[in-house]
Each structure stands twice: as structure tokens, then as C-alpha cells.
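Enquirer: have a look at this fold, sequence not included:
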């Protein structure tokens, strides 16, 4: 199995790109792959045919031995997805001798229960999914899991190989609410017993928009606020700010309408906050909770309260404009362009994208001050723009740009075609 690795606004994502079956010599060949980074996994599953049942292994005295099975192995020969090394494939490239091994190990069971975090009562027949966890602890890969429940609402997942997993539980709560909870477990050669997953409904967290700089946020503006959990598959909150939130000014003894919003968050998630549909050269400069800017580190759902989150929008964003041409000097009409923060760590909100017009002209509005790498392409991106470890490929294909607060600069960008 080949899984294409990707990064979506800082979150790792894996999608099954291709499969192959080994021949009588154990050899495999996968072709027709698009350029990119892949995780390679060797998997052996028993046939899923009707009336199929494995004969249990016994010792010389007829006693049943622990269930054994082949473990999933990731290149280069590790059972842990967190230790897997991506293989990068370029245009027209052929990679050989990517050998893997399969070994037999005891298949264990994970047993536990799901607890309603509000009532403390065990949740019956919750939906449970099992996912492998990557090195970041956030990117996951689904696993086929056989889940069963007993009469006391205890669950059991059988046939689990050694590795690091994330268990996600979803269930219906009172008044139509959805209970969600997750936990991470590392399995070895012994069964996991009495695992507890606490599932809770989302909490509603209010927020307000705060302006900075000489400009005044237009009354007709409708910023779109998105809170993205760092765990793939978790619920994303996307909402539009409105003017119906009120604040009381004690010094002037008056109530003022402010631009506000509300988002549902899970206490066991960390969120990255984004602001889109901003007017002029506004950009998201800070996310404040209790006067502390958490924008670079993420917004913990565990501190959700009735105190509004402050989304600070600064009107003094920079501008980058110009034209994009190829190495032959011909303009690239309709090209896609992106400004990548350099370095990108803790600057997810500073990414900016634009498109060139028929004359190859482009402009980026509301760019946060700092250093960037500018890349452009027509069909395929020259690099994984959200991969902090792959930025060298972006630097080779692009050009360095320094942005100053409130300043516009014009440049000619020479884009390089894929080789």
C-alpha cells in the first residue's frame, strides 16, 4: 500500500494512492505515480470470504496459544507509522530495492469503555475508529478495526498489531448533541485493558474582532473565522462574524456593538485560528486569550470559557505585486502563486495565495511583515508548500521576499518549470 503524504495548513494528511500484490517471489512494482512523497506499507490480511475462520494455534499439549499474525511494516522496516520514512518521487523517476519485511507477532486486543464526560455514565454502542499515529502525533491513517460491545457497554477491538494508535469515539448525547472523545495508546505484546475514553459535547466559545493600526474596519466587512483542530478528522468550526455582539464601556457607561462570533470547540483539541475575507490590507496579527497571544502556539480547547477570544486584525499589512514570467521571458498568464513564510514554524496564518491575470500580473494584499519564499506554478506545485521539512525544494523553485509593514513592493518573478 502506498499512501501519499500531504500537508493541509500545517496538518499532516495521508491518502491511499495505490496498491499492489506481490508475486510468487514476493516482488512488487507500482507504476503511474504522481510526483510527491509516499509512505510504503506491506500488509497481509486474512481472506475476507464467507465462512472463513482461522484455526487457532496450539502447543504440543493442545493448549491454545496467543493469536499470531503478520504485522504491518512501513519502509524502512518499522512497525510504527511514527518511525516511517517517506519516499520522495520526482517526475520520471524510478525507485528500486525498496524492500520490506513481514514478521509474525502476537495480535492483541484493546478493551475499555466510553464515558459520558457530563454524566459519568458509560455510553452504549459508541462509534469507535482506530487510527495509526504519525511522528507529529496529529496525522493519522485509518485502520480496519473489528469493534464489539458486551452487555455492560465495554468495547473490544481484536487483532491489533503493535504500534501507536489514536482511538476516536463518537456517540449521541442528550438533546441531539454529539459526544466526541479520543485517546492515544501504544500497544505491544500484551492486551490493553480498561481503556477509558471520555466523550464530551462541543463547548460554545464566543469571540470578538479587535482592530489595530490607523485604518478602521469597515462596517460592511464580514470576516470569516475558522478554527481548525490539529487532529485530522476532528470537527472544524467555520463561521462569519456579525455585529450583534455587545460590549460595555464602564468609563463611558455605554454599550457598544462589536463584531463578534461563536465557535464550538472540543476540550481535548488544539486549534489554529484563521481569518479570511478581510478588507484592504488587513491581516490576522494576534489571537488573544486573557491578554496573551496564543496565535503562534495554537488555541487550546481546554481553556474555553464565556470570556471572548480576541481576534486582532491589523490594517497595516504589506503588499507584494508584479509579474510572473518563465525562464524564456514569456509571461505566465493564469499562474498560481503563493507566499510561504520562511521559516514557516508558528506562522500558519501568514501564508498568502494569488493568481496571475492574462498579462501575468499579480498582487498579494494584507501580507504580515516578515520573510517569505515566493513560488509559482501552472499545473503542479513545485513543492509541498505546507511541509516545513521540505522548504528547501520551495526555495530552489522560488525567490526570497522580505515584507515590511504597510509597504508595497513590485517585482518580476521568474518561475521555473518542472523537470
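Expert: Cool, got the structure. What you see is a predicted model, and the numbers here were worked out from it, not measured in a lab. Numbers count the residues shown, from 1 in each chain.
Enquirer: low-scoring stretches of the stretch 51-200 of the chain, by residue?
Expert: 51-54, 65-66 (pLDDT under 70).
Enquirer: hmm, try it at 50
Expert: Within the stretch 51-200 of the chain, not a single segment meets pLDDT under 50.
Enquirer: what is the neighbour count of the closest residue to residue 398 other than its chain neighbours?
Expert: In space, residue 398 comes closest to residue 375 once its chain neighbours are excluded; the distance is 3.9 Å by Cβ to Cβ, 6 or more residues apart in numbering. C-beta here means a position set from N, CA and C on the backbone, and glycine is covered the same way. Using other Cβ atoms under 10 Å, residue 375 has 24 other residues around it.
Enquirer: you'd agree residue 375 is up against residue 396?
Expert: No. Using Cβ atoms under 8 Å, residue 375 is not in contact with residue 396, being 9.7 Å away.
Enquirer: rewinding a little: identify the residues contacting the residue nearest to residue 398.
Expert: 337, 338, 340, 381, 382, 383, 385, 394, 397, 398, 415 (Cβ atoms under 8 Å, 6 or more residues apart in numbering).
Enquirer: again, but for residue 21
Expert: residue 28.
Enquirer: how much space separates it from residue 79?
Expert: 21 Å (Cβ to Cβ, to the nearest Å).
Enquirer: from residue 33, how far off is residue 200?
Expert: On the measure of Cβ to Cβ, residue 200 and residue 33 end up 42 Å apart.
Enquirer: same question, residue 342
Expert: 29 Å.
Enquirer: ok, now residue 416?
Expert: 22 Å.
Enquirer: who's more crowded, residue 342 and residue 33?
Expert: residue 342 (20 against 15).
Enquirer: rewinding a little: just the contacts of residue 375: which are in helices?
Expert: When the contacts of residue 375 are checked against helices (DSSP state H), the matches are 394, 397.
Enquirer: just the buried subset of the contacts of residue 375, please.
Expert: 337, 338, 340, 381, 382, 383, 385, 394, 397, 398, 415 (16 or more other Cβ atoms under 10 Å).
Enquirer: would you format those residues as a markdown table with pLDDT and distance to residue 407 included?
Expert: A markdown table is the format used below for the buried ones among the contacts of residue 375 (pLDDT from 0 to 100; distance: Cβ to Cβ, whole Å):
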| residue | pLDDT | distance to residue 407 |
| --- | --- | --- |
| 337 | 96 | 19 |
| 338 | 96 | 20 |
| 340 | 96 | 19 |
| 381 | 84 | 28 |
| 382 | 85 | 27 |
| 383 | 84 | 27 |
| 385 | 89 | 24 |
| 394 | 90 | 23 |
| 397 | 90 | 25 |
| 398 | 93 | 20 |
| 415 | 88 | 24 |
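Enquirer: now do the same contact list for the nearest residue to residue 355 once chain neighbours are set aside.
Expert: Distance criterion Cβ to Cβ, 6+ apart; nearest residue to residue 355, sequence neighbours excluded, is residue 336 at 5.8 Å. Neighbouring residues of residue 336 by Cβ under 8 Å, 6+ apart: 353, 354, 355, 356, 376, 377, 378, 381.
Enquirer: could you report the distance from the third one to residue 277?
Expert: Translated: residue 355. Relative to residue 277, and taking Cβ to Cβ, residue 355 is found at 17 Å.
Enquirer: and if you look at the last one?
Expert: Computed with Cβ to Cβ, the distance linking residue 381 and residue 277 is 24 Å.
Enquirer: cool, residue 209 as well?
Expert: 12 Å.
Enquirer: residue 9 now?
Expert: 16 Å.
Enquirer: also residue 373?
Expert: With Cβ to Cβ as the criterion, residue 373 and residue 277 are 25 Å apart.
Enquirer: what's the answer for residue 231, then?
Expert: Distance from residue 231 to residue 277, by Cβ to Cβ: 26 Å.
Enquirer: those two: who's more crowded?
Expert: Here residue 231 and residue 277 are set side by side on neighbour count (other Cβ under 10 Å), and the busier one is residue 231, at 21 against 12.
Enquirer: ok, that one touching residue 136?
Expert: No. Counting by Cβ under 8 Å, residue 231 does not reach residue 136; the two are 10.2 Å apart.
Enquirer: tally of neighbours for residue 144?
Expert: Residue 144, neighbours per other Cβ under 10 Å, totals 9.
Enquirer: what about the helices in the chain?
Expert: 391-397.
Enquirer: centre of it to the edge, which residue is at the far end?
Expert: Distance from the centre of the chain peaks at residue 61, with 51.1 Å (Cα atoms, centre = their mean).
Enquirer: got phi/psi on that one?
Expert: phi -100, psi 10 (degrees, to the nearest 10).
Enquirer: going forward can the numbers begin at 8, since that is how I track them
Expert: Got it, first residue is 8 now, which makes that one residue 68.
Enquirer: how far away is it from residue 364?
Expert: 80 Å.
Enquirer: can you check residue 194 too?
Expert: On the measure of Cβ to Cβ, residue 194 and residue 364 end up 55 Å apart.
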